[in-house]
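K.L.:
Requesting a structural model of the entry that follows:
(2 chains)
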2 protein chains.
Amino acid sequence: VDTYCYQKIGVVSSCYKEKFGTPRQAGLVPIARGHIRILPPYDEDEAFRGLEGFSHIWLIWHFDGVRAQQKWQPTVRPPRLGGNRRIGVFASRSPFRPNPLGLSAVKLLGIHRAEEGLLLEIQGLDLIEGTSILDIKPYVTYADAITAESGYAKTIPESMSVSFTRQASDKVAALESAGYSDLERLISQILAQNPRPAYHKDGALYRMRVLDLEVCWEVKGGSSCVVDVLHSIY
Amino acid sequence: VDTYCYQKIGVVSSCYKEKFGTPRQAGLVPIARGHIRILPPYDEDEAFRGLEGFSHIWLIWHFDGVRAQQKWQPTVRPPRLGGNRRIGVFASRSPFRPNPLGLSAVKLLGIHRAEEGLLLEIQGLDLIEGTSILDIKPYVTYADAITAESGYAKTIPESMSVSFTRQASDKVAALESAGYSDLERLISQILAQNPRPAYHKDGALYRMRVLDLEVCWEVKGGSSCVVDVLHSIY
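P.N.:
So this is what the prediction gives:
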């Protein structure tokens, strides 16, 4: 057999609602939160017994955004190399790979049963709303944490400074009072990653969906400025 | 869609020829070596460009030894808990999980083209001969190396002392002269993991296949003694 098939065991609920703005690795936006709803028949409390002793878990997931008919290319142009240097797809964590499998180590905040089902609360995720989870494993420090040489990705990508206009700042403060806790930090951490495509020029206005909000910002002189935060119309 | 299918992109050649003796995590037998033969159409040099700058790689693979018709159980009894305590399957790295996906970080020694095809030489593997590889990703230290709290698996499992009878020692020395380099260290590192099942009693004789050899040893008083090393008849 050369084809292997797996079942979706869970589905992600995330602060990220679209690809734009979603970080490229787990842990880059430490404050980002979400949960995994475990699907039947895997949603047995027993199947997770002992997992709460682990601070972090591995998620193996499917890049749902990649179309099955999309042909893989042997090279990709990673954003962190400026989008103009080609490297092998297997030397990258690009979604556009022969088997669109994702791998993320996220913080496990807790496991609880809610009306929707059995939920794993996670933090530091790099997953879009609706992502299909195929496996969950404990992060085992002695085997998984390696002081490795990481080629062209030795350090965390340089972060961009982020500011808010007076109007945006007031809106964020009002939203925080209304229950959107840590919204300013969340937006700041997301934009610090500079999510816009590498080839874009200064001065353009961008929009991304975060939670049920739309965040509008512009990039000028190497820093981002949030100009508005609205309730999403989607 | 609730089912996702993936193609085998490579196949493992390993010093481990059977499940018995194969370590339970990558890195536990640091000297163990093997390679991945990349299968067509994925065996393009370009697809691996830049990967040699990474000292370690992630492998996502299929537990070929798990039968498809085998029903998953919500709990397992990990060997490191003595084989008598049950924990959730998702709190374990057991092969008997809803989707039998394996995850290993191994050292990348090199990439080269041989008569059989494009080969990735790896070290510290926990994979049996013939394992199907589904994805290869660079190990990215800033995202993957986490100082995590690892529940019941905080430390490397305690290792067992290993000795050789005079006869076994002579055979190993002769084999090393004949080209089996570092054979004594390899056998010692494998047996230090105490591969026999948790419920076994002292005094029994064990056999495992390593490379094209058969290693025979006994366990007494908490230590292992290699009694013979033979050319395998398989």
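K.L.:
looking at it, residue A:113 is touching residue A:38, isn't it?
P.N.:
No - taking contacts as C-beta atoms under 8 Å, residue A:113 lies outside contact range of residue A:38: 9.8 Å. Bear in mind the C-beta positions are built from the backbone N, C-alpha and C, glycine included.
K.L.:
more crowded one of those two?
P.N.:
Comparing residue A:113 with residue A:38 by neighbour count (other C-beta atoms under 10 Å in any protein chain shown), the higher total belongs to residue A:38, at 24 against 11.
K.L.:
following the top strand by length along chain A, which helix or strand shows up next?
P.N.:
Criterion DSSP state E: the longest strand present in chain A is strand A:101-114. As assigned by DSSP states H and E, the chain's next helix or strand after strand A:101-114 is strand A:117-123.
K.L.:
can you give me the angle that next one makes with strand A:101-114?
P.N.:
Between the axis of strand A:117-123 and that of strand A:101-114 there is an angle of 120 degrees, by axes from the mean of the first three to the mean of the last three C-alpha atoms, to 10 degrees.
K.L.:
Let me know whether strand A:117-123 sits next to chain B.
P.N.:
No - against chain B, strand A:117-123 shows no contacts by C-beta under 8 Å from any C-beta of the partner chain, the least distance being 8.9 Å.
K.L.:
Identify all contacting residues around that strand.
P.N.:
Applying C-beta atoms under 8 Å, 6 or more residues apart in numbering or on different chains, the contact partners of strand A:117-123 are A:10, A:30-40, A:43-45, A:48, A:57, A:106-113, A:136.
K.L.:
when you check chain B, which of the residues you listed turn up near it?
P.N.:
Among the contacts of strand A:117-123, the residues that sit close to chain B (C-beta under 8 Å from any C-beta) are A:39, A:44, A:48, A:136.
K.L.:
Now the residue nearest the centre of chain A, what are its backbone angles?
P.N.:
Closest to where the C-alpha atoms of chain A average out (C-alpha atoms, centre = their mean) is residue A:126, at 1.6 Å. Residue A:126 adopts backbone torsions of phi -130, psi 40, taken as degrees, to the nearest 10.
K.L.:
same thing with residue A:131?
P.N.:
phi -60, psi 140.
K.L.:
Next one: it, what pLDDT does it get?
P.N.:
Per-residue confidence (pLDDT) for residue A:131: 97.
K.L.:
Contacts only, for it.
P.N.:
Contacts of residue A:131 (C-beta under 8 Å, 6+ apart): A:11, A:12, A:14, A:61, A:62, A:64, A:102.
K.L.:
So what touches stretch A:154-174?
P.N.:
Contacts for stretch A:154-174 (C-beta under 8 Å, 6+ apart): A:24, A:28, A:80, A:180, A:183-184, A:187-188, A:191-194, A:219, A:222-229, B:141-142.
K.L.:
Give the buried residues for it.
P.N.:
Judged by neighbour count (16 or more other C-beta atoms under 10 Å in any protein chain shown), stretch A:154-174 contains these buried residues: A:157, A:162, A:164, A:168, A:171, A:172.
K.L.:
ok, now stretch A:135-153?
P.N.:
Those would be A:135-141, A:143-146, A:148, A:150-153, for stretch A:135-153 by 16+ other C-beta under 10 Å.
K.L.:
can you give me the end-to-end distance of it?
P.N.:
26 Å (C-alpha to C-alpha, to the nearest Å).
K.L.:
Show the average pLDDT along it.
P.N.:
According to the model, stretch A:135-153 has a mean pLDDT of 96.
K.L.:
And for stretch A:72-88?
P.N.:
91.
K.L.:
Could I have the CA atoms of it written out in PDB?
P.N.:
Taking Å, rounded to 0.1, in the frame of the first residue of the first chain, the C-alpha atoms of stretch A:72-88 are listed here in PDB:
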ATOM      1  CA  TRP A  72       3.100  20.100  -5.300                       C
ATOM      2  CA  GLN A  73       6.200  22.000  -6.400                       C
ATOM      3  CA  PRO A  74       9.700  20.900  -5.500                       C
ATOM      4  CA  THR A  75      10.700  24.400  -4.300                       C
ATOM      5  CA  VAL A  76       9.000  27.100  -2.300                       C
ATOM      6  CA  ARG A  77       9.900  30.700  -1.500                       C
ATOM      7  CA  PRO A  78       9.600  31.100   2.300                       C
ATOM      8  CA  PRO A  79       8.400  34.600   3.500                       C
ATOM      9  CA  ARG A  80      11.300  34.800   5.900                       C
ATOM     10  CA  LEU A  81      13.800  34.700   3.100                       C
ATOM     11  CA  GLY A  82      12.100  37.700   1.600                       C
ATOM     12  CA  GLY A  83      10.000  35.600  -0.800                       C
ATOM     13  CA  ASN A  84      12.600  35.600  -3.500                       C
ATOM     14  CA  ARG A  85      14.900  32.700  -2.600                       C
ATOM     15  CA  ARG A  86      13.800  29.200  -3.500                       C
ATOM     16  CA  ILE A  87      14.400  26.300  -1.100                       C
ATOM     17  CA  GLY A  88      13.200  22.700  -1.200                       C
END
